[in-house]
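J.: Build me a model:
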Amino acid sequence: MNLIRRRSYSFVQDKSGTAAIEFALVAVPFIMIVVAILELSVMFAANSIMLGATQDAVRAVRTGQVQVISDPDEAEDFFREQICNHIPIKLVDCNAIQFTVEVLDAFSEANTTAEVDDDGDLASDDIDFGDAEDVVMVRVLYYHPMLTPLMGAILSDSPGNRKLMTATFVFQTEPYLLDDDVI
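T.: This is a model prediction of the structure:
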């Protein structure tokens, strides 16, 4: 019994490996918290970049720069290009951005909820940039990929470990004149 007491006492008093053991206990949660903070930072930065780029691109619709393009496909490409040109850091994949543009009768008709189908695509893909002094709603949708499985399990709301980000702007276009308008 005396031998067991001496051995246990010497084991309790031995401090040679405590720092390594304490670090091993704290390292995993610490690294998980740091990775989670980095993942959240990237996600919020991507969301902020997408919102800012959409806001800048909406200006082209508000001032009639998009409406002067007669071909609807070219107008849509021009609007997408306006969004992509205002993304300074490539945290947002321009090819993955989806958007709809529709004309409303009044501001009160705006439904800012993005309706998506089972595949995650916008349910409506209508593109109507409207005319001068129309009430227009632009809705942009982007799925941001979550890089870590842990944060993806917590934050993803879409298949494929992705987070849905949307930007919706409702505005009245300015009283611009098209080339064929006569004063």
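J.: which strands and helices sit next to the helix or strand hosting F171?
T.: Following DSSP states H and E, the helix or strand that holds F171 is strand 162-172. Here strand 162-172 touches helix 18-62, strand 135-145, going by 3 or more CB pairs under 8 Å, 6 or more residues apart in numbering; DSSP states H and E. For glycine as for every other residue, the C-beta is placed from the backbone atoms N, C-alpha and C.
J.: Now tell me what touches that strand from outside.
T.: Strand 162-172 is contacted by residues 43, 46-47, 50-51, 54-55, 58, 62, 104, 107, 110, 112, 114, 116, 120, 133-146, 152, 155-158 when judged by CB atoms under 8 Å, 6 or more residues apart in numbering.
J.: And the helices and strands packed on strand 162-172: which comes nearest Y176?
T.: helix 18-62 (9.0 Å; CB to CB).
J.: what's the model's confidence in the very next helix or strand once past that closest one, averaged?
T.: The helix or strand immediately downstream of helix 18-62 is helix 72-85, counting by DSSP H and E. Average pLDDT, helix 72-85: 93.
J.: how far does helix 72-85 sit from the chain's center?
T.: 19 Å (CA atoms, centre = their mean, to the nearest Å).
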